[in-house]
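Undergrad: Quick one: sequence plus predicted model below, questions after.
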Amino acid sequence: MKGKNYFKYIFAVYFSVNIFFIFTGCSGITVDKEIKVSPDDWIMAGGSPDQQNVSKFSLSPPLNLMWDYNIEGGVGPAGITASDAVVFVNALQGELFTFDVNSGGKIGNLKFLGKDCSTAPLVMGNNVIFTFAGEKKYSIASYDLIAGKINWRKNYGDIQTSPILYDGYVYFSNLNGSFYKIEPATGKLLWKYSAKSPVHSTCAISGNTAVFGNDKGIIAAVDISSGSEKWKIETGGPVISTALINNGTAYIGGDDSNYYSIDLESGKVNWKVNLHSKLIAGSANYQNSSLITGCVDGSVYSLSAATGEINWKAETYGAIISSPVISGNNVYISSYDSYIYSIDANSGKIIWKYMLENKVKTSPVIWKEYLFVAADEIVYCFTSKNVEKKF
């Protein structure tokens, strides 16, 4: 499929503390205690429906490696979520892995997620929803962690966008160019909108509006009540990145090297700035005044939310295709140069970095005093706590 091959090309360049788990073989996961989702948990891609990539926890470097685990399969740009001391990781080869935050021990894994699960699992308490591609019969499923069984499976075409939960409904797009709204309890379709081109851009939602891009270079806004189009903007190249919505404005970058600020209601472009490199990654909102984003050339920018003026620029030595995360005054971001970085959000100064064993294309996730990230097939947990040195 054309859309799927394009995504592979992009990649080429570019459950609570003391909870008890039961692992019943390699084909299922069960837990014997309810997973209680907190408002501070990272239960979906971007951390919230508006994709602001801001952690509720302030984690300051330096960080120490607490544990790592080889899942023998790569992780996509937004493959990790965390809730109630459980880490959920989707692997590109079509598996969901779960880990105990405190020990790094594997709770279990599911192997039915098609041949490509490059998206983030959506955690809804004891039910987890995941989207995937490469399976003829199904492309989205809900799994019950208490019962250890599938709630439902549906086929909405190959999906390479993460499922987003907003006001009790789930939204996602597929490689056939459709954008969907479904009921999470049943997977029932409520409406679909045709974007008329493959979609790799996970949606951002705020108010009554969802925003995403497509491979044809269109940025579209959809009314989530009716599924009708509100507006669309044509850019100069595919739009793979995820929009961020804040204060009635959508911010998004594209393959045309431009970063756009768009009025959420009217679709008017407030400003755009050329960063001279393709933008695949999403963005992070720093104190409602600036946007942090990374580029394929390895640059990290802070832009004024009001004007698009560049506040600062930092450099890494590899492509950045995943979103940064804000924690306090720190920006955490991963790079194809095999490092994960912490950058001062005010000055742009790199204050900490750690070299991992492989290229890093996955967005960091912060839960309490822990940071999770993946470098190809290895999942890492860092912490601000003192840990026993590994030999």
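TA: That came through fine.

Undergrad: ok, which stretches of this structure are helices?
TA: 2-13 (DSSP state H).

Undergrad: where are the low-confidence patches of it?
TA: By pLDDT under 70, the low-scoring segments of the chain are 1-28, 30-33, 389-391.

Undergrad: redo that, cut-off 50
TA: Applying pLDDT under 50 to the chain flags the ranges 1-26, 391.

Undergrad: residues in contact with E377?
TA: Contacts for E377 (C-beta atoms under 8 Å, 6 or more residues apart in numbering) come out as N70, I71, E72, G73, G74, V75, A91, N358. Just so you know, the C-beta spots here come from the backbone N, C-alpha and C atoms, and that holds for glycine as well.

Undergrad: which ones are touching the fifth one?
TA: Read that as G74. A91, L92, Q93, K361, A374, D376, E377.

Undergrad: And for the fourth one, the neighbour number?
TA: Just to be clear, that refers to K361. 28 (other C-beta atoms under 10 Å).

Undergrad: Select from the contacts of E377 the one having the most neighbours.
TA: V75 (28 neighbours).

Undergrad: any idea how far the residue nearest to that residue when sequence neighbours are not counted is from L356?
TA: Excluding its sequence neighbours, the residue lying closest to V75 (C-beta to C-beta, 6 or more residues apart in numbering) is A374, at 3.7 Å. With distances taken as C-beta to C-beta, to the nearest Å, A374 is found 9 Å from L356.

Undergrad: Looking at the two, which is more packed in?
TA: Higher neighbour count among A374 and L356: A374, with 31 against 20, using other C-beta under 10 Å.

Undergrad: dump the residue contacts of the more buried one.
TA: Counted by C-beta under 8 Å, 6+ apart, A374 has contacts G74, V75, G79, I80, V89, V360, T362, Y380.

Undergrad: ok, of those, which come out buried?
TA: Buried subset of the contacts of A374 (neighbour count, 16 or more other C-beta atoms under 10 Å): G74, V75, G79, I80, V89, V360, T362, Y380.

Undergrad: could you check the distance from the fourth one over to L96?
TA: Note on I80: its distance to L96, by C-beta to C-beta, is 11 Å.

Undergrad: Overlap in contacts, the two.
TA: Shared contacts of I80 and L96, defined by C-beta under 8 Å, 6+ apart, comprise F88, V89, N90.

Undergrad: burial of M66, as a residue count?
TA: Neighbours of M66 under the rule other C-beta under 10 Å: 22.

Undergrad: thinking it is in contact with N386, fair?
TA: No. Applying C-beta atoms under 8 Å, one finds M66 not in contact with N386, separated by 10.2 Å.

Undergrad: which residues are in contact with stretch 139-152?
TA: With contact meaning C-beta under 8 Å, 6+ apart, stretch 139-152 is reached by 15, 24, 28-32, 34-35, 96, 110, 112-114, 126-133, 153-159, 163, 172, 174, 182, 184-187.

Undergrad: Show me what counts as buried in that stretch.
TA: Result for stretch 139-152 [16+ other C-beta under 10 Å]: buried residues S139, I140, A141, S142, Y143, D144, L145, G148, N151, W152.

Undergrad: Dihedrals phi and psi, the closest residue to the first one other than its chain neighbours?
TA: Right, the one you point to is S139. Counting by C-beta to C-beta, 6+ apart, S139 lies nearest to I159, which is 4.8 Å off, once chain neighbours are set aside. I159 has phi and psi values of phi -120, psi 130 when expressed as degrees, to the nearest 10.

Undergrad: Could you export the contacts of E377 as JSON lines, including distance to D344?
TA: Formatted as JSON lines, those follow (distance: C-beta to C-beta, whole Å):
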{"residue": "N70", "distance to D344": "32"}
{"residue": "I71", "distance to D344": "32"}
{"residue": "E72", "distance to D344": "36"}
{"residue": "G73", "distance to D344": "34"}
{"residue": "G74", "distance to D344": "30"}
{"residue": "V75", "distance to D344": "27"}
{"residue": "A91", "distance to D344": "33"}
{"residue": "N358", "distance to D344": "26"}
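
Undergrad: All set now, cheers.
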